[in-house]
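Q: Could you look at this predicted model? Sequence included:
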Amino acid sequence: MKIIVIGSGNWGTVLAMLFSQENDVILWTINQEEADKINASRENPEFLPGIKLPDSIFAEAKFSRPISKDDIIVTAIPSRRIEDLMQEFIKNEIDECVILNASKGVEHSTLRTVGHTIQNALPKVRFANLSGPTISGELADGLPAKAVLASKDVSLLFHLQQVLQNDLLKFEFSRDVKGIELAAAMKGIIAIAVGISDGLGLKTNVFGLIMTYGLHEFKTVMEFLGVQTKTVYGIAGLGDLITTSISTNSRNRKFGKYLAEGYSRDEALQKVGMVVEGVSMAKTIRKLAKFNLSIPLVSCITRIIFDDVPNIKEELMDTLNSIS
C-alpha cells in the first residue's frame, strides 16, 4: 500500500507532512522540475517556505508510478481541476484504489460535488472525504486539529483512521458524504463577509452579527440542498464556518478584506495567491435566487463580490440592520 498526495500546494503539502508521521508518503507535483526543487531543498518554497519536510516524504511528477487498488490517493487540488484529474486516471487505466478527497468546492453550474465527479468517472474506487476546521498553517506549525472522514463505506472509515490518524490530526466519522462536501463549500461565503467587515475597520461586534445571521442562512441553504441538521451543526459545518471566519490565515477572509480595501475581485484573488472556494460557491448561490430562499446576508455578499457596489460598508450594514 502506498499513500500518494496529489497536489503540492499549501494544503497538499501539509497533509503529506501529517500522514508521513506514521507512513512513507509520495507527493505528486505538476511536473518533475517542481518535484526536484522540493526534494533538493526538503521544503516547499512557494507554499510553505521555511518549514522542513520529513525524510519520509518523496516528491515526484504525477503518475510517475503505477497505482494499485490498495493505495490511498489523497486529492488536494482546486476542485475545478478534479474532472481533468479523473481523465488522467482513465488515461492511465487506473480504476481501482482508495481516493480520499481533501479538495473543497462544487461545480457551480450543476452543484455536483467533488465526490460525485470522482465516483461518476471511477465507479470502482472506494471514496471518502476529509473536511473540517483545519487551517493548514496551524497544522504545519504543529498545532492540533480534528476533521471529519465521510464515506458510505464504514469499513473504509476505520481503515483510513488506522492508517492516517496521528498526534496532530484526529478524526470523527460521518456517512453524510454530500452534506459534508456542501458544508465545506458554503462556509467560505460567511468568512468572506467577516473579512469584508475587517477590511472596513469594523470589529468583533459586527463579526458576531455576521456569524450569527450567516449560520442561520447557512442552515437555510443546507436544508434546501438536503443536508442533515447534524452535519450543519457538526465540526465540518458550524466548526469549519467559525474557524474559517475567525482565522486571519483563512483565504476566504483574506479575500473579503482585500475587497473592502478597494481591490477588485480579480486583484483580491491574485493577492491571496491561492484558490478561494467561497467565490466559486457564491456563483452557485446566485443560481438559487430563483427559489426565493431567505438569505439576505449571503445575497449581499454575492452582490459585493460580483456587482459594482458603490458603497460596500453601506451595503453590508443596511443588510445586517434589516435582518430580524
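A: Received, thanks. Numbering: from 1, shown residues only.
Q: all contacts plus neighbour counts: C-alpha atoms, from now on.
A: Fine.
Q: what's near enough to touch Asp167?
A: Listed by Cα atoms under 8 Å, 6 or more residues apart in numbering, the contact partners of Asp167 are Pro144.
Q: Okay, buried residues for stretch 130-144 please.
A: Leu130, Ser131, Gly132, Pro133, Thr134, Ile135, Ser136, Gly137, Leu139, Ala140 (16 or more other Cα atoms under 10 Å).
Q: Then stretch 294-302?
A: Ile295, Pro296, Leu297, Val298, Ser299, Cys300, Ile301, Thr302.
Q: Show the contacting residues for the first one.
A: If I follow you right, that is Ile295. With the criterion set at Cα under 8 Å, 6+ apart, Ile295 makes contact with Glu217, Thr220.
Q: Apply 6 Å and report the result again.
A: Residues counted as contacts of Ile295 (Cα atoms under 6 Å, 6 or more residues apart in numbering) are Glu217.
Q: Quick one, grab the pLDDT at it.
A: What the model reports as pLDDT for Ile295 is 95.
Q: So Glu172: helix, strand or coil?
A: strand (DSSP: H, G, I helix; E, B strand; the rest coil).
Q: And the residue nearest to it when sequence neighbours are not counted, which helix or strand is it part of?
A: What sits nearest to Glu172 in space, not counting adjacent residues and going by Cα to Cα, 6 or more residues apart in numbering, is Val148, at 5.0 Å. Val148 is part of strand 145-150 when elements are defined by DSSP states H and E.
Q: Tell me how many other residues crowd Trp11.
A: Neighbour count for Trp11, taken as other Cα atoms under 10 Å: 23.
Q: again, but for Leu182
A: When neighbours are counted by other Cα under 10 Å, Leu182 registers 27.
Q: same thing with Lys146?
A: Other residues close to Lys146 by other Cα under 10 Å number 18.
Q: before we move on, back to that, in contact with the residue nearest to Glu172, which residues?
A: Val148 neighbours (Cα under 6 Å, 6+ apart): Leu130, Ser131, Gly132, Phe171, Glu172, Phe173.
Q: Same list (those residues) but as a markdown table, adding distance to Glu46 and pLDDT.
A: Output for the contacts of Val148, formatted as a markdown table (distance: Cα to Cα, whole Å; pLDDT from 0 to 100):
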| residue | distance to Glu46 | pLDDT |
| --- | --- | --- |
| Leu130 | 24 | 98 |
| Ser131 | 24 | 97 |
| Gly132 | 24 | 96 |
| Phe171 | 29 | 98 |
| Glu172 | 32 | 97 |
| Phe173 | 33 | 98 |
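Q: need the contact list for Ile99.
A: Going by Cα under 6 Å, 6+ apart, the list of residues near Ile99 reads Ile72, Ile73, Val74, Phe127.
Q: so of those residues, which ones are in strands?
A: Counting by DSSP state E, the part of the contacts of Ile99 found in strands is Ile72, Ile73, Val74, Phe127.
Q: and of the contacts of Ile99, the nearest to Leu259?
A: Leu259 lies nearest to Val74 out of the contacts of Ile99, by Cα to Cα, at 32.4 Å.
Q: Show residues contacting stretch 106-122.
A: With Cα under 6 Å, 6+ apart as the test, stretch 106-122 has contacts from Asp95, Thr284.
Q: Under a three-state scheme, what state does the most centrally placed residue in the chain occupy?
A: The residue lying closest to the centre of the chain (Cα atoms, centre = their mean) is Lys104, at 3.3 Å. When classified by three-state DSSP, Lys104 comes out as coil.
Q: In this structure, where's the longest helix?
A: In terms of residue count, the longest helix belonging to the chain (DSSP state H) is helix 177-199.
Q: start to end distance for stretch 222-235?
A: End-to-end distance for stretch 222-235, by Cα to Cα, to the nearest Å: 15 Å.
Q: Just give me how far that stretch sits from the chain centre.
A: 17 Å (Cα atoms, centre = their mean, to the nearest Å).
Q: Kindly report the same for stretch 115-130.
A: Counting by Cα atoms, centre = their mean, stretch 115-130 comes out at 17 Å from the chain centroid.
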